[in-house]
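J.: just coords:
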Ligand SMILES: Cc1cc2nc3c(=O)[nH]c(=O)nc-3n(C[C@H](O)[C@H](O)[C@H](O)COP(=O)(O)OP(=O)(O)OC[C@H]3O[C@@H](n4cnc5c(N)ncnc54)[C@H](O)[C@@H]3O)c2cc1C
């Protein structure tokens with residue numbers, strides 16, 4: 001076995017979270033090894049947020065053009081997937097090549113290692129034949145992979161996950177989407193707007209089941225208007241592929257056929273591959289259990305989707321800030337308050353960076369708080385939400401007060417006309433007099449959400465929100481209408 005190479009920190013998995021942590025720790029002057037087995041940047045830039053939002057941008061342009069009739073004359077729309085595929089290939093992903101991302105990391109002073117890493121005892125990481133001993137810590141940012149349900153026959157078919165759906169160059173004639181969550185609905189609407197015959201099959205009794213029921217209704221109606229067939233309450237029992245197309249058999253005898261099948265039924269972490277047993281951590285869980293500083297166990301932190309705290313890029317980035325501050329704080333304490341890397345003179349003062357990043361004292365390391373975690377489904381209309389739904393609040397025994405205002409009834413919604421579906425729903429804790437949750441569905445639902453996130457995050461009193469001035473005629477004026485509905 002090779003002698004271990006002594007470094008300050010090893011980051012396993014350079015997705016959104018891992019890359020951010022590794023880059024910032026390297027910039028602070030630590031010796032950081034970042035290990036990635038696939039592409040630096042992870043799912044978001046190559047097969048997730050960025051390319052899917054490019055697809056949505058294009059699909060929404062088509063939908064807007066189709067709304068010209070009745071508003072501004074006539075427009076003939078002939079959708080063409082080629083520019084979308086080209087944009088994803090050339091602008092978003094460099095044809096799924098991470099050279100630029102690797103250079104971004106090494107340019108910050110990080111050492112990059114391509115390969116699959118696993119823990120190999122306390123402080124040790126193995127990548128093939130190489131072993132690294134981390135002085136200050138190990139950060140796990142290994143993300144998730146698609147969770148494919150154990151449906152009879154499915155594993156033997158050439159089904160798509162998000163990766164094939166994002167990489168597609170030529171659209172199929174028809175598509176079955178198994179899973180009516182955020183990713184399923186976003187992609188279903190995109191493909192339908194480009195002329196694909198799309199059918200969504202969802203086991204639960206409504207799409208977007210984690211959101212308010214009113215949001216599910218609006219999203220379902222919008223997709224149906226785009227020609228998407230939606231079947232809820234249908235559990236997939238068997239899938240077959242005859243060389244040309246798929247047949248999905250649902251419970252109760254339902255049968256669906258299409259040229260392609262996209263499986264988007266959630267994601268899961270693969271903890272069993274990480275060697276967690278060598279550091280006494282249970283690998284049998286669904287996600288890595290972390291505390292509010294993202295600690296897994298002594299000397300090990302986790303960041304991003306692998307923590308199960310919400311599978312969003314903004315969560316990974318938020319957590320990364322906490323991990324960076326905490327690792328630097330630990331490093332400084334371990335070194336008796338001195339520059340953790342011992343390279344201050346060589347780097348022109350790394351300890352200054354350390355002090356700034358950690359807030360200068362141990363007590364200043366922030367703690368993770370997900371109360372005001374925003375989430376947006378980028379369908380048209382967008383479904384934005386923050387905090388608790390009405391049902392979640394009631395289940396927690398909160399004295400709940402609810403207000404709802406429909407976007408088409410607002411001045412801006414009425415002016416907007418075609419494509420104006422949506423609403424703002426507020427969930428308040430009546431005893432505390434603050435919002436604890438909100439949903440904003442509409443043409444700019446994700447943007448309208450920002451004010452609501454501030455309100456939940458800062459626990460702005462309802463009385464203050466009622467006294468605010470809301471610009472006329474914006475979509476966010478529906479917040480004022482919903483507040484009025486509450487009183
Ligand atoms: C279609 C789609 C659309 C999405 N849209 C949005 C959106 O609009 N907004 C949003 O906020 N989020 C969105 N997400 C979610 C977002 O992509 C994830 O939350 C984000 O990528 C999580 O980052 P991460 O760093 O935790 O993990 P990942 O991005 O999954 O990165 C983990 C990395 O670790 C590597 N790795 C794993 N194990 C090892 C190992 N043992 N050794 C070395 N390397 C390893 C993997 O190869 C991977 O590159 C979307 C996801 C999908 C699939």
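T.: Yep, that arrived. It should be emphasised that the depicted structure is a prediction, and the values quoted were computed from it without experimental measurement.

J.: For residue 144, list the residues it contacts.
T.: 43, 267, 268, 269, 270, 305, 306, 311 (Cβ atoms under 8 Å, 6 or more residues apart in numbering). In this view, the C-beta of every residue, glycine as well, is placed from N, C-alpha and C.

J.: Could you give the backbone dihedrals for it?
T.: phi -140, psi 170 (degrees, to the nearest 10).

J.: re the thing from before, filtering the contacts of residue 144 by proximity to the ligand, which remain?
T.: 43, 305, 306, 311 (Cβ under 6 Å from any ligand atom).

J.: Now do the contacts for the first one.
T.: So that's residue 43. Per Cβ under 8 Å, 6+ apart, neighbours of residue 43: 15, 16, 143, 144, 162.

J.: Export those as JSON lines, with columns for distance to the ligand and secondary structure.
T.: Converted to JSON lines, these look like this (distance: Cβ to the nearest ligand atom, whole Å; DSSP: H, G, I helix; E, B strand; the rest coil):
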{"residue": "15", "distance to the ligand": "2", "secondary structure": "coil"}
{"residue": "16", "distance to the ligand": "4", "secondary structure": "helix"}
{"residue": "143", "distance to the ligand": "2", "secondary structure": "coil"}
{"residue": "144", "distance to the ligand": "6", "secondary structure": "coil"}
{"residue": "162", "distance to the ligand": "4", "secondary structure": "helix"}
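
J.: Most widely separated two among those residues?
T.: The most widely separated members of those, counting by Cβ to Cβ, are 16 and 162 (15.1 Å).

J.: The two: who's more crowded?
T.: Using other Cβ atoms under 10 Å as the criterion, residue 16 and residue 162 rank with residue 16 on top: 28 against 21.

J.: Please verify my assumption that the more buried one contacts residue 315.
T.: No - the pair residue 16 / residue 315 is not scored as a contact, 9.2 Å apart, by Cβ atoms under 8 Å.

J.: overlap in contacts of those two?
T.: With Cβ under 8 Å, 6+ apart as the test, residue 16 and residue 315 both reach residue 304.

J.: Can you pull the residues of this structure lying near the ligand?
T.: By the criterion of Cβ under 6 Å from any ligand atom, the positions of the chain lying close to the ligand are 12-13, 15-18, 35-38, 42-44, 48-49, 52-53, 116-117, 141-144, 162, 183, 273, 304-306, 311-314, 316, 378.

J.: In strands, which of those residues fall?
T.: 12, 35, 36, 117 (DSSP state E).

J.: for those, which one is nearest residue 77?
T.: Among these, residue 36 lies closest to residue 77 (Cβ to Cβ), at 40.7 Å.

J.: Contacts only, for the residue nearest to the closest one when sequence neighbours are not counted.
T.: In space, and not counting its chain neighbours, residue 36 is closest to residue 14: 3.9 Å by Cβ to Cβ, 6 or more residues apart in numbering. Residues near residue 14 by Cβ under 8 Å, 6+ apart: 22, 34, 35, 36, 40, 41, 42, 101, 105, 112, 141.

J.: Just the element for residue 60, please.
T.: According to DSSP states H and E, residue 60 maps onto helix 49-66.

J.: Buried residues, that helix. List them.
T.: Using 16 or more other Cβ atoms under 10 Å as the test for burial, helix 49-66 gives 49-52, 54-56, 58-60, 62-64, 66.

J.: just stretch 71-87 next, same as before
T.: 79, 81, 84, 85, 87.

J.: Next, name the residue at the spatial heart of the protein.
T.: residue 312 (2.2 Å; Cα atoms, centre = their mean).

J.: That residue and residue 375 touch, don't they?
T.: Yes - contact criterion Cβ under 8 Å: residue 312 and residue 375 qualify, at 6.5 Å.

J.: neighbours around the closest residue to the ligand within the stretch 351-487 of the chain, how many?
T.: Nearest residue of the stretch 351-487 of the chain to the ligand, counting by Cβ to the nearest ligand atom: residue 378, 5.9 Å away. Applying other Cβ under 10 Å, we find 23 residues neighbouring residue 378.

J.: Can you tell me the closest non-neighbouring residue to residue 151?
T.: Going by Cβ to Cβ, 6+ apart, residue 151 has residue 236 as its nearest residue, at 4.7 Å.

J.: follow-up on the earlier one: got a quick ChimeraX command for the buried subset of the residues of the chain next to the ligand?
T.: Selection of buried members from the residues of the chain next to the ligand for ChimeraX, criterion 16+ other Cβ under 10 Å:
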select :12,13,15,16,17,18,35,36,38,42,43,44,48,49,52,116,117,141,142,143,144,162,183,304,305,306,311,312,313,316,378
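
J.: ok, so what distance separates residue 166 from residue 46?
T.: To residue 46, residue 166 is 8 Å away according to Cβ to Cβ, to the nearest Å.

J.: ok, now residue 454?
T.: Residue 454 is 32 Å from residue 46, by Cβ to Cβ.

J.: Just list the residues touching the closest residue in space to residue 317 that isn't next to it in sequence, thanks.
T.: Counting by Cβ to Cβ, 6+ apart, residue 317 lies nearest to residue 20, which is 5.9 Å off, once chain neighbours are set aside. The contact partners of residue 20, by Cβ under 8 Å, 6+ apart, come to 303, 316, 317, 320, 324.

J.: farthest-separated two in these?
T.: Checking the contacts of residue 20 with Cβ to Cβ, the most distant pair is 316 and 324, at 12.4 Å.

J.: What are the contacting residues of the helix holding residue 60?
T.: For helix 49-66, contacts defined as Cβ under 8 Å, 6+ apart pick out 44-45, 75, 77, 79, 83-84, 87-88, 91-93, 162, 166, 183, 186-187, 189-190, 193-194, 226, 313, 378, 380, 419.

J.: Pass me the low-pLDDT residue ranges in the stretch 351-487 of the chain, would you?
T.: 351-363, 487 (pLDDT under 70).

J.: can you list the buried residues of stretch 71-87 in JSON lines and add secondary structure and pLDDT?
T.: Listed next are those as JSON lines, based on DSSP: H, G, I helix; E, B strand; the rest coil; pLDDT from 0 to 100:
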{"residue": "79", "secondary structure": "coil", "pLDDT": "98"}
{"residue": "81", "secondary structure": "coil", "pLDDT": "98"}
{"residue": "84", "secondary structure": "helix", "pLDDT": "98"}
{"residue": "85", "secondary structure": "helix", "pLDDT": "98"}
{"residue": "87", "secondary structure": "helix", "pLDDT": "98"}
